[in-house]
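Participant: Sequence plus predicted model, see below.
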Amino acid sequence: MTSETHIWMHIGAGSFHRAHQAWYLHRLLQQGDNRWHIALSNIRDDANPLLSALASQRGEYTLETVTPEGVREYEKITSIKKIIPWDKELAAMVAQGADSATRVIAFTVTEGGYYLDTQHQLDPRHPDIQADLAGDARTLYGALTRVLQARMAAHGNPVTLLSCDNLRHNGERFRRGFLTFLKLRGESALLNWVESQTRSPNTMVDRITPRPTADIAPRVKAASGFDDKAPVMGEAFIQWVIEDDFIAGRPALENVGVELVDSVLPFEEAKIRILNASHSCIAWAGTLVGQSYIHQSTQTAEIREMAWEYVTQDVIPSLTPSPLELEAYRDVVLSRFSNPYIRDTNQRVAADGLSKIPGFITPTLMECYQRGATPRATAVLPALFYLFLQRWQQDSLPYEYQDGVLDAAALRAQLRQPDALQRYAADQALFGELAHSQAFATLLQETVESLSSWARQPQPVAEEE
């Protein structure tokens, strides 16, 4: 590497980063722009097998994309030039983050990885946050504290902290959470440095990326001859919108199709409310009727209608006027979800519901009431999630439910109470001020009752490919 090489350090070694951000930086390399390389790291040890596989391949891997018509393409991604080995103290990550060549520290930690409450403030009561306030590094906040302490001590050069997660106002909300964390830790010097020497642009990211399955590697080998130990696949569609506010330089992402804008607000609102919320709706509903894959559930008429009505009746009026053609966006999204070749699982999309309800769904509920409308179509989504949680507490889900903010013992105890639905409707962490609304509680109860018998009926699924 030459001295002109800048490092994009990424925290979060999941599939989405490798199918999305790494793809865009790879495209720059393909254009002959060699100024930026990725160094990939992870906060927890759960990605160690993947990191080892990538290290054995010098960071290279194959991305398989597939269109709704079944056209597959294969591309070797070469933008990850350094694999940062995990260690308990995150020493290698800290060293890379402190290196003056590192100009951007980006992260994908899922919605739950920000530990925000319904008011979008850091929840200091969570055990992981408590541990990090005591000096641990279980969360993004604890990890970045170590990284930026070392950077400040080494040279103090500025750096951009870039969220690439499906979180509304993700840059602003991450930053507020991080600054709150630093205040609670008493890190006054680092707090002042972060306020003056970092930026946190908002972003909107989009590409459906299912967890890799065992059938990808044989297809990659047949197509390319490469015996890939870490392939990843995603849909052909991809989008990235970024607020152009970088403090230490950035890649020329506009040359590879990234939209650099003054405000991502209209893009992220449409994406989060139309795509992300509908995705969750379909996954919860599909699980309840015995289906495994998103495409099966989207192709089920009643489930597709739930998502279509939610967007049409409640979201589009909430987001109008918009620079986007919202009806067309809705239809494209449902077409993407119907892609039988992606084989995205309901398990993956159903995850983190305790963060998705307040983040993706409650804003539409509230805005409907504010304009004098009853959000009957939107109420279907938290009603489905309630029925889904009841299956979970009965141990009758067909898979393990994963949720970054789940307190399993407390939630199971609540769900076993005779007034469990009333308690759910009154949960301020999920529903904000609507937790005090009798109209909302009544609507939710009526909706749960109307869905209960339907959710007990297994639905036919499309023939498997």
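Facilitator: Okay, I see it.
Participant: for the helix or strand bottoming out on mean pLDDT in the chain, which positions count as buried?
Facilitator: The weakest-scoring helix or strand in the chain, judged by mean pLDDT, DSSP states H and E, is helix 265-270 (a mean of 91). Neighbour counts over helix 265-270 (16 or more other C-beta atoms under 10 Å) mark 266-270 as buried. To be clear about C-beta, it is placed using only N, CA and C from the backbone, and glycine gets the same treatment.
Participant: Likewise for stretch 426-438?
Facilitator: Neighbour-count burial for stretch 426-438 [16+ other C-beta under 10 Å]: 426-427, 429-432, 434-435, 437.
Participant: Out of the residues you listed, which sit inside helices?
Facilitator: With DSSP state H as the criterion, helices contain 429-431 from among these.
Participant: By pLDDT, give me the weakest of the residues you listed.
Facilitator: Across these, the bottom pLDDT score, 91, is held by residue 429.
Participant: hang on, the earlier thing: nearest to residue 200 among the ones in helices among the buried residues of stretch 426-438?
Facilitator: residue 429 (23.9 Å; C-beta to C-beta).
Participant: Surely the closest one is in contact with residue 115?
Facilitator: No. Assessed by C-beta atoms under 8 Å, residue 429 is found out of contact with residue 115, at 11.6 Å.
Participant: Contacts only, for residue 403.
Facilitator: By C-beta atoms under 8 Å, 6 or more residues apart in numbering, the residues touching residue 403 are 112, 351-355.
Participant: same thing with residue 398?
Facilitator: Counting by C-beta under 8 Å, 6+ apart, residue 398 has contacts 287, 290, 292.
Participant: do residue 327 as well
Facilitator: 312, 316.
Participant: Could you pull up the mean pLDDT of the host helix or strand of it?
Facilitator: Using DSSP states H and E, residue 327 sits in helix 326-337. Mean per-residue pLDDT for helix 326-337: 96.
Participant: ok now that helix, how far from the chain's centre?
Facilitator: Here helix 326-337 shows a centroid-to-chain-centroid distance of 19 Å under the convention C-alpha atoms, centre = their mean, to the nearest Å.
Participant: buried stuff in it?
Facilitator: Those would be 326, 329-330, 333-334, 336-337, for helix 326-337 by 16+ other C-beta under 10 Å.
Participant: quick revisit: now distance to residue 174 too, for the ones in helices among the buried residues of stretch 426-438, in JSON lines please.
Facilitator: Putting those into JSON lines (distance: C-beta to C-beta, whole Å) gives the following:
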{"residue": "429", "distance to residue 174": "19"}
{"residue": "430", "distance to residue 174": "21"}
{"residue": "431", "distance to residue 174": "23"}
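Participant: Looking at those residues, spot the one nearest residue 217.
Facilitator: Within these, the smallest distance to residue 217 is 39.7 Å, found for residue 430 (C-beta to C-beta).
Participant: mind listing what the closest one touches?
Facilitator: Here residue 430 is in contact with 118, 354, 357-358, 362, 382, 424 (C-beta under 8 Å, 6+ apart).
Participant: Kindly report the same for residue 281.
Facilitator: So residue 281 contacts 303, 306-307, 310, 380-381, 384 (C-beta under 8 Å, 6+ apart).
Participant: rerun that using 10 Å as the cut-off
Facilitator: For residue 281, the contact set (C-beta atoms under 10 Å, 6 or more residues apart in numbering) comprises 297, 303-304, 306-307, 310-311, 349, 356, 360-361, 377-378, 380-382, 384-385.
Participant: Residue 234 now?
Facilitator: By C-beta under 10 Å, 6+ apart, the neighbours of residue 234 are 15-16, 18-20, 23, 63-66, 207-210, 342, 344.
Participant: Wasn't it part of a helix?
Facilitator: No. Checked against DSSP: H, G, I helix; E, B strand; the rest coil, residue 234 lies outside a helix; its state is strand.
Participant: Please determine how far it is located from residue 418.
Facilitator: Using C-beta to C-beta, to the nearest Å, residue 234 is found at 45 Å from residue 418.
Participant: ok, back up a step: tabulate the buried residues of helix 265-270 in a markdown table, adding columns for distance to residue 161.
Facilitator: Formatted as a markdown table, those follow (distance: C-beta to C-beta, whole Å):
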| residue | distance to residue 161 |
| --- | --- |
| 266 | 23 |
| 267 | 20 |
| 268 | 18 |
| 269 | 22 |
| 270 | 25 |
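Participant: Tell me the one among those residues nearest to residue 198.
Facilitator: Distances from those to residue 198 were compared by C-beta to C-beta; the smallest belongs to residue 268, at 20.9 Å.
Participant: pLDDT value on the residue lying closest to the closest one once chain neighbours are set aside, please?
Facilitator: In space, and not counting its chain neighbours, residue 268 is closest to residue 204: 4.3 Å by C-beta to C-beta, 6 or more residues apart in numbering. Residue 204 carries a pLDDT score of 95 in this model.
Participant: Can you tell me how far residue 411 is from residue 117?
Facilitator: 16 Å.
Participant: quick one on the thing from earlier: other SSEs contacting the least confident helix or strand of the chain?
Facilitator: strand 203-206, strand 239-243, helix 316-319, helix 326-337 (3 or more C-beta pairs under 10 Å, 6 or more residues apart in numbering; DSSP states H and E).
Participant: how about the ones you listed, which one is nearest residue 140?
Facilitator: Closest approach to residue 140 among these (C-beta to C-beta): strand 203-206, 15.1 Å.
Participant: strands paired with the closest one, and their directions?
Facilitator: strand 239-243 (antiparallel) (DSSP bridges).
Participant: Buried residues, the helix or strand just after the partner strand. List them.
Facilitator: Using DSSP H and E, the next helix or strand after strand 239-243 towards the C-terminus is strand 259-261. Residues 260-261 are the ones in strand 259-261 that count as buried (16+ other C-beta under 10 Å).
Participant: Over to stretch 49-61?
Facilitator: By neighbour count on 16+ other C-beta under 10 Å, the buried set for stretch 49-61 is 50-51, 54-55, 57, 59-61.
Participant: What is the end-to-end distance of stretch 430-437?
Facilitator: For stretch 430-437, the first-to-last residue distance is 13 Å (C-alpha to C-alpha, to the nearest Å).
Participant: Off-centre distance for that stretch?
Facilitator: A distance of 24 Å separates the centroid of the chain from that of stretch 430-437, by C-alpha atoms, centre = their mean.
Participant: Give the rounded mean pLDDT of stretch 81-92.
Facilitator: Mean pLDDT, computed over stretch 81-92, is 97.
Participant: what's the distance between the residue nearest to residue 82 when sequence neighbours are not counted and residue 13?
Facilitator: Counting by C-beta to C-beta, 6+ apart, the nearest residue to residue 82 once its immediate chain neighbours are dropped is residue 39, at 4.0 Å. Using C-beta to C-beta, residue 39 is found at 11 Å from residue 13.
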